[in-house]
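Trainee: My questions are about this predicted structure, shown below with the sequence.
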Amino acid sequence: MNDLSQLKQGVYAPGNSVDVAEALVAGSGIRIDVDRRRGRGAALNISGRFEQKSREVFDDGWQTLEELPPFKTEVQIEKPKTAITRNESPDISFDRSINPYRGCEHGCIYCFARPTHAYMGLSAGLDFEAKLFAKPDAPRLLERELAKPDYKLRPIAIGTNTDPYQPIEKEWRIMRQILEVLKEANHPVMIVTKSAMVTRDIDLLAPMAEKGLARVGISVTTLDRKLARSMEPRASTPTKRLEALRAISEAGIPAGVLVAPIIPALNDHEIERVLDSAKSAGASDASYVLLRLPLEVSPLFRDWLLRNYPDRYRHVMSLIRSMRCGKDYDAEFGKRMKGSGPYAWQIGRRFELAAKRLGLNLTRRQLRSDLFVPPLGMGVQLSLL
């Protein structure tokens with residue numbers, strides 16, 4: 001058995017083209033059997049970083065692993081105190097967002113939100129995409145927050161952490177209820193998703209867009225269906241996303257494409273093709289984000305890369321580190337989205353030139369903030385006049 005076939009089968013031995021330390025992903029855990037994680041992005045279920053004890057699944061020789069059930073999606077109800085989450089990050093364009101769900105069934109291996117599951121005592125690996133939390137009270141809480149006399153209006157971003165249109169939204173419909181509250185209050189909203197389910201809510205978004213209150217961005221990482229299936233196993237296919245982009249645009253809703261993440265030596269050669277396809281589908285603006293590997297995301301991504309592209313592993317990681325000051329990730333504001341160094345500069349210039357050639361980003365209408373009507377009721381004292 002040669003080195004490449006060994007790597008593809010998960011066999012790592014001294015002498016392989018990938019160092020043993022890297023192959024074991026820095027001791028991050030034992031891979032979950034493929035039959036138990038079928039249709040999932042991660043192969044590891046590393047204990048959360050705040051846990052006092054670390055647990056691993058291993059074969060004790062008594063075939064006990066064969067008795068373990070497959071990972072199935074479980075949804076628990078979370079009862080937050082507020083619906084709106086605020087941030088003060090200087091390198092993003094919004095200061096507030098809403099997350100209808102915690103965790104994401106799409107299972108994107110690169111998702112920078114994975115480490116947030118550690119706050120629930122769960123793993124950023126398979127737990128993040130299988131043990132989900134829904135917030136059915138979010139629409140009611142949002143209505144109450146918007147009704148407060150001291151509420152200061154700014155556009156709300158949705159989909160910046162986990163996808164509001166992940167598969168469980170079909171049943172829970174929390175995102176739709178949130179949009180209904182925002183529509184009634186004439187509140188501006190920005191949505192980012194990689195799900196074609198967003199077209200379900202065109203009946204809400206189109207009237208809002210007509211008033212200048214809504215904008216939708218569709219994330220298109222790759223046009224390669226095989227790569228997308230492996231990297232984003234339960235997200236809409238690239239074709240479906242482009243179809244959704246077209247439907248959104250034709251409905252009169254300002255539509256953009258987010259090429260994210262760009263991964264060197266894996267999908268960066270597709271930048272121009274993705275932008276070209278998005279423009280043809282009706283996109284009016286475009287942006288990109290370089291791959292981010294904070295905390296637990298790094299070992300999960302490296303394990304995925306070893307399983308799926310072992311022959312590119314060294315090259316991909318070398319380029320990533322060349323754009324992150326020699327590390328897997330650099331969280332410095334201003335650098336974390338775009339990276340630094342010659343290769344990052346090249347990606348940025350390619351993106352800018354392609355967008356300019358296609359006529360993207362020429363104009364971007366600001367969402368209106370002068371139509372807002374605070375919700376009535378919800379415990380707010382009404383006027384006596």
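Mentor: Looks like it arrived, so ask away.

Trainee: C-alpha only now, for contacts and for neighbours.
Mentor: OK.

Trainee: What segments of the chain are strands?
Mentor: 74-77, 84-86, 96-98, 101-102, 131-134, 156-158, 189-193, 214-219, 255-262, 285-290 (DSSP state E).

Trainee: Same list, those, but as TSV with mean pLDDT please.
Mentor: Formatted as TSV, the strands of the chain follow (pLDDT from 0 to 100):
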stretch	mean pLDDT
strand 74-77	98
strand 84-86	96
strand 96-98	97
strand 101-102	98
strand 131-134	98
strand 156-158	98
strand 189-193	98
strand 214-219	98
strand 255-262	98
strand 285-290	97
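
Trainee: quick one, which of these is nearest to Ala42?
Mentor: Ala42 lies closest to strand 131-134 among the strands of the chain, at 13.1 Å (CA to CA).

Trainee: quick one: strands adjacent to that closest one?
Mentor: strand 74-77 (parallel), strand 101-102 (antiparallel) (DSSP bridges).

Trainee: what's the closest non-adjacent residue to Thr199?
Mentor: Ala244 (6.2 Å; CA to CA, 6 or more residues apart in numbering).

Trainee: Let me see the contact set for the one you found.
Mentor: Contacts here follow CA atoms under 8 Å, 6 or more residues apart in numbering; on that basis Ala244 touches Ala196, Val198, Thr199.

Trainee: quick one: contacts for the last one?
Mentor: The reference is to Thr199. With CA under 8 Å, 6+ apart, Thr199 has these contacts: Ala244, Ala247, Ile248.

Trainee: What is the nearest of those to Ala283?
Mentor: The nearest member of those to Ala283, counting by CA to CA, is Ile248 at 9.2 Å.

Trainee: any idea of the pLDDT on that closest one?
Mentor: Note on Ile248: pLDDT of 98.

Trainee: Also Glu171?
Mentor: pLDDT, Glu171: 97.

Trainee: any idea how far it lies from Ala134?
Mentor: The spacing between Glu171 and Ala134, counted by CA to CA, to the nearest Å, is 11 Å.

Trainee: I'd say Leu146 and Pro374 touch.
Mentor: Yes: Leu146 lies in contact with Pro374 (CA atoms under 8 Å); the separation is 5.9 Å.

Trainee: Those two - which one has more neighbours?
Mentor: Leu146 (23 against 20; other CA atoms under 10 Å).

Trainee: Against Arg364, how distant is the more buried one?
Mentor: From Leu146 to Arg364 the distance is 26 Å (CA to CA).

Trainee: do Arg292 as well
Mentor: 26 Å.

Trainee: ok, the two, which is more surrounded?
Mentor: More neighbours surround Arg292 than the other of Arg292 and Arg364, with 26 against 12 (other CA under 10 Å).

Trainee: Just confirm that one contacts Tyr110, I think it does.
Mentor: Yes: taking CA under 8 Å as the definition, Arg292 is a contact partner of Tyr110 at 7.3 Å.

Trainee: any common contacting residues for the two?
Mentor: What both Arg292 and Tyr110 touch, as defined by CA under 8 Å, 6+ apart, is the set Pro261.

Trainee: got the buried residues for the longest helix along the chain?
Mentor: Identified as the longest helix of the chain according to DSSP state H is helix 342-358. For helix 342-358, burial by neighbour count (16 or more other CA atoms under 10 Å) applies to Ala344, Ile347, Gly348, Phe351, Glu352, Ala354, Ala355, Leu358.

Trainee: which other helices and strands contact it?
Mentor: Packing partners of helix 342-358 (3 or more CA pairs under 8 Å, 6 or more residues apart in numbering; DSSP states H and E): helix 271-280.
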